[in-house]
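Student: Show me the folded form of this:
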Amino acid sequence: MNYKISWLVFLIFTLFSCKEVRETKTSSSTEISLTYHNTQHLIEADELESILHSDDVKIIDFRKSSEYEKGHIPNSLNLWRPEIESKSYPYKGVIADQKNVEEVLSKLGVQQNDIIIIYDDRGLCDATRLWWVLKVYNFNHVRLLNGAWSAWKDSNGIVSLEVPTIKPSQFEFASSPSKDLYIQHSELEGLLDKENLVLIDTRTADEYSGKRQKIGATRSGRIPTSINIDWMQAIEAKSTQKFKSRAELEKIYQVVEKSNDDPIVTYCHTGVRSAHTTFVLTELLGYTNVKNYDGSWSEWSYIEGLPIEKDSAATVFN
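Tutor: Coordinates of the predicted model:
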C-alpha cells in the first residue's frame, strides 16, 4: 500500500512539474513575442504543432523541391520562388501578376479563408518574399514560422516524406493589388532627391560597394543615397535562425534615424532579402511607410540611364 501511495505521489508530482515547465516556456515565449510591434504574422514551432492537422491551415514549404523531398513538416505543400515570379521581363524576380498567383494557390488547394503558414531553410529570407507577395494581393491570413526549418528540427518536430494529396480549389483574391508595401523603379527614381527618404540596401557589403556582382545584374554597384544593412543582421544566423529581440533590432536599424512616417524603401538583388527587411521594419518594429522595391538591383542595373554608385570593380558570382 505504501509503495502504491508513493508511486501515485511521484506521478502527480511529475505531471505537475511537466505542466509547470510547459507553462513557464509558453509564458517566456509570449513575453518575448509581446516585445515586437506585432506578431500577427509570426508563429512558433510549438504553436504550429498544435494546429498541424487543422482543415483550414495550409503549410507551405518554400524551398527547392530537392530539399522538400529529403523531409518536410507533415502536411506541408511545396512551392518555390520561380512559381510566383513573372516571366515577362528580361531579368528575374519580378512579382507574378494576380491571375498567375491565384492559379498557383488554386493548384495547392488554398481556400480564401485558409491560414497560410510558410517556412524555408534560410531564416525566413525566402518565406518573407511569399508573405510580401500575398500582402501585395491583400491576403492577410499569413504566418511565418519563426526560426523556420531549423526551429522545427530544434523542437523535435515530426519530419515527413509523405506528399499530401491536393484537392485543387478555385482561389481568387478578394480585392485588387495594394501598393502599401510595393514600389516600382519609376516611383523610386522620383524619391531619390527627397531629404526624408531612407533607402536601405539589404545585400552584402561587397554587393553594395560594387566589389561583387551577382549573376542576373547588368552592372555592379548600388542605388545612390542608399545605406547598407544586410538582411541577415536581423536574425540569429549562427544559431536559432530566429528574429533577434526588438531591442537588438532597434539598435541595428537606429541608423535610419527617421520617424515612423518617413518613406523607407528596401531593395536587394531581386526583392527577396529586402522583403525580409520589410517584414522586420513593419511587423516587428512598427514602421508605417515601408515599401519593397520589387525589381531591385536586377532591374535597376538593367535599365539604361538610371543612376548608380560604386566603390570598386566587380567580380561576377552566383
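
Student: Just say helix, strand or coil for the closest residue to Leu105 other than its chain neighbours.
Tutor: Nearest residue to Leu105, sequence neighbours excluded (C-beta to C-beta, 6 or more residues apart in numbering): Phe171, at 4.3 Å. In short, each C-beta sits where N, CA and C put it, glycine included. Three-state assignment for Phe171 (DSSP: H, G, I helix; E, B strand; the rest coil): coil.

Student: Same check on Pro177?
Tutor: State at Pro177, reduced to three classes by three-state DSSP: coil.

Student: Would you mind listing the residues in contact with it?
Tutor: Neighbour list for Pro177: 98, 136-138 [criterion: C-beta atoms under 8 Å, 6 or more residues apart in numbering].

Student: One more pass at 6 Å, please.
Tutor: 136-137 (C-beta atoms under 6 Å, 6 or more residues apart in numbering).

Student: now it: how far from Asp61?
Tutor: 25 Å (C-beta to C-beta, to the nearest Å).

Student: re earlier: how about the contacts made by the residue nearest to Leu105?
Tutor: 102, 105-106, 110.

Student: Pull out the buried residues from those.
Tutor: Using 16 or more other C-beta atoms under 10 Å as the burial test, these include 102, 105, 110 as buried.

Student: Grab the nearest non-local neighbour of Gln233.
Tutor: Ile252 (5.2 Å).

Student: SS state for the one you found?
Tutor: helix.

Student: that older thread, now distance to Ser150 and secondary structure too, for the contacts of Phe171, in JSON lines please.
Tutor: Shown next, in JSON lines, are these (distance: C-beta to C-beta, whole Å; DSSP: H, G, I helix; E, B strand; the rest coil):
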{"residue": "Glu102", "distance to Ser150": "31", "secondary structure": "helix"}
{"residue": "Leu105", "distance to Ser150": "26", "secondary structure": "helix"}
{"residue": "Ser106", "distance to Ser150": "31", "secondary structure": "helix"}
{"residue": "Val110", "distance to Ser150": "25", "secondary structure": "coil"}
